[in-house]
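> Just to be clear, the model below is a prediction. Sequence and coordinates:
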Amino acid sequence: MDKTKIHPDFAKWYSEVELEKDSDRLVSRWEGICDLLESPPEGLAETLLEIVLGFETAPADSALRIPFTDADKFFNASNNDREMAILAEVALCLMCDPGGDYAGKNIVAPKTLAALFPRNVPPRFVTGLPEQIGGYVEQLGESVRSRGLLIPPRAITSVDLSKELESMTDAGLDQLKAMFEGLVKKVNGSISSVDRRITNYAAKVNKHIDQKDEELDILWWLTDGVSHSLDKQIGRLKLGFRAMVVGAELAKMTRFNPGPVGVRGIIQKVCEKSTSKKLTIPEALAACDRSWLGKLVSGEASRLTPINFAIARCMEVGEGIDWVPSWAGICSLDSDRQYTEVEIASQFYSERMALGLYGGDE
């Protein structure tokens, strides 16, 4: 991150805490964000999301505060929860930006998209991240699948050693030995260069094949209309069960994170007969076959992935709806809120991608 290039909207984002009039403090906050992203602590994205969504605050001894106290010794160690929430949101925005240089953006963006599911108490966003994150994920998904030029590596037909051989004519034994070692080094260097080019070319070809396999798998699945995991027509599954199957199976066919552009369009196509029908998340889970649902339990699920967390709670408690009130409270969700199948399938797909449960890895 370039500390000297402050985001043009940073002062506006910070206007709520009235630091835009103090240029030195504003610069120190920007430097703190840059330092945080240059040496991110483990689980940074999840911690930032917890703070942005209002689930957690950053305690005085939090590692999140260190970059800011290092940049400004007068930075408050406590009683500035709103300021920390804004800092966290700005950091997340930079981490997800397709045009930014944060190395983990292809992973952070899907996690953010999944976590920004509508909650009972919507956070006060300053960056417009909720409106932008869907576009960010699509741009990143497209860039991950950019093939580039597949230029075969040029083979070595010969290694010119004429000058080296000519200099050996009048050389002594020790000189010959040194010269011979030089010849070996030159030949090995040429071979290594070709080997690197072949390896890079093979990696590009394999990625391209994986991209095509991903496309074909999804297209055949869409055309056939049969669930891979159930061997049944998807269109004949119960309302809610269909949404869960679509989200899970699409994730399993996806080979690169983020997913391909147009995933929501694919989901709409599969669920087109029920686009106007709505149901709650507990109702969607109740419609599912429990043995099938049990295979989807993830130990990494949390309130940042509410549908997967609901699956874990549902399977833990057993039959019935006793799990619903505590799940809704932990996730800050209205358990009676209804969603279309497209919305449920899209959210479930995003969560599976966020949890790394894609490409057959689950």
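Looks like it arrived, so ask away.

> how about Gly54, what does it touch?
With contacts defined as C-beta atoms under 8 Å, 6 or more residues apart in numbering, Gly54 is in contact with 85, 121, 123, 332. No exception for glycine: its C-beta is placed from N, CA and C like everyone else's.

> And for Asp9?
Listed by C-beta under 8 Å, 6+ apart, the contact set of Asp9 reads Thr127.

> Quick one: the strands in the stretch 201-350 of the chain, in order.
Using DSSP state E, counting those that start in this stretch, the strands found in the stretch 201-350 of the chain span residues 278-279, 339-340.

> now the contacts of Gly54 in CSV, with secondary structure and distance to Leu293?
Formatted as CSV, the contacts of Gly54 follow (DSSP: H, G, I helix; E, B strand; the rest coil; distance: C-beta to C-beta, whole Å):
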residue, secondary structure, distance to Leu293
Ala85, helix, 35
Val121, coil, 29
Pro123, coil, 30
Ser332, coil, 23
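
> Kindly supply the ChimeraX command isolating those of those that are buried.
A single ChimeraX command selects the buried members of the contacts of Gly54 (16 or more other C-beta atoms under 10 Å):
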select :85,123,332
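
> now, which of the contacts of Gly54 sits nearest Phe256?
Distances from Phe256 to these, taken as C-beta to C-beta, are shortest for Pro123 (29.6 Å).

> now that closest one: how far from Ser62?
19 Å (C-beta to C-beta, to the nearest Å).

> State the number of residues packed around the closest residue to Arg303 other than its chain neighbours.
Closest residue to Arg303 apart from its sequence neighbours, by C-beta to C-beta, 6 or more residues apart in numbering: Cys331 at 4.4 Å. Using other C-beta atoms under 10 Å, the number of residues around Cys331 comes to 24.

> Just the pLDDT for Cys331.
Looking at Cys331, its pLDDT reads 97.

> ok, now which ones touch it?
119, 303, 306, 309-310.

> Please apply the same query to Glu272.
Glu272 touches nothing, counting by C-beta under 8 Å, 6+ apart.

> Pro260 contacts Ile218, doesn't it?
Yes - using C-beta atoms under 8 Å, Pro260 is in contact with Ile218, at 7.4 Å.

> Now list whatever residues contact both of the two.
By C-beta under 8 Å, 6+ apart, the residues touching both Pro260 and Ile218 are Thr254.

> how about low-confidence regions in the protein?
For the chain, the stretches with pLDDT under 70 are 19-20, 149-150, 153-174, 176-177, 274-275, 360-362.

> Can you tell me the centre-most residue of it?
Ile107 (2.1 Å; C-alpha atoms, centre = their mean).

> and Val270, what does it touch?
Neighbours of Val270 in contact, by C-beta under 8 Å, 6+ apart: 222, 225, 234-235, 242, 246, 345.

> For these, name the two members farthest from one another.
Distances among the contacts of Val270 were taken as C-beta to C-beta; the most separated pair is Gly225 and Ala345, at 14.6 Å.

> ok, those two, which is more surrounded?
Using other C-beta under 10 Å, the more surrounded residue of Gly225 and Ala345 is Ala345, with 30 against 13.

> Quick one, which of the contacts of Cys331 are buried?
When neighbours are counted using 16+ other C-beta under 10 Å, those contain these buried positions: 119, 303, 306, 309-310.

> Farthest-apart pair in these, please.
Greatest spatial distance among the buried ones among the contacts of Cys331 (C-beta to C-beta): Arg119 and Ala310, at 14.2 Å.

> quick check, nearest of the contacts of Gly54 to Met179?
Ala85 (68.1 Å).

> Pull the contacting residues for the closest one.
51-52, 54, 123.

> if we go to 6 Å?
With contact set as C-beta atoms under 6 Å, 6 or more residues apart in numbering, Ala85 has these partners: Ile51.

> Next, the contact list for the closest residue to Lys238 other than its chain neighbours, please.
Closest residue to Lys238 apart from its sequence neighbours, by C-beta to C-beta, 6+ apart: Ala287 at 4.5 Å. Shown in contact with Ala287 (C-beta under 6 Å, 6+ apart): 238, 240-241.

> Now which of those would you call buried?
240-241.

> Name the nearest of the contacts of Ala287 relative to Ser190.
For those, the nearest to Ser190 is Phe241 (60.2 Å; C-beta to C-beta).

> The closest one reaches Cys288, doesn't it?
Yes - using C-beta atoms under 6 Å, Phe241 is in contact with Cys288, at 4.8 Å.

> coming back round to it: measure the residue nearest to the centre of the chain to Asp70 for me?
Taking C-beta to C-beta as the criterion, Ile107 is separated from Asp70 by 26 Å.

> same question, Ser28
Ser28 sits 9 Å away from Asp70, going by C-beta to C-beta.

> if we can go back for a sec, can I get the contacts of Cys331 in TSV including distance to Gly99?
Formatted as TSV, the contacts of Cys331 follow (distance: C-beta to C-beta, whole Å):
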residue	distance to Gly99
Arg119	28
Arg303	30
Pro306	30
Phe309	32
Ala310	35
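
> Quick one: list the elements packing against the lengthiest helix in the chain.
Counting by DSSP state H, the longest helix found in the chain is helix 173-224. Here helix 173-224 touches no other helix or strand, going by 3 or more C-beta pairs under 6 Å, 6 or more residues apart in numbering; DSSP states H and E.
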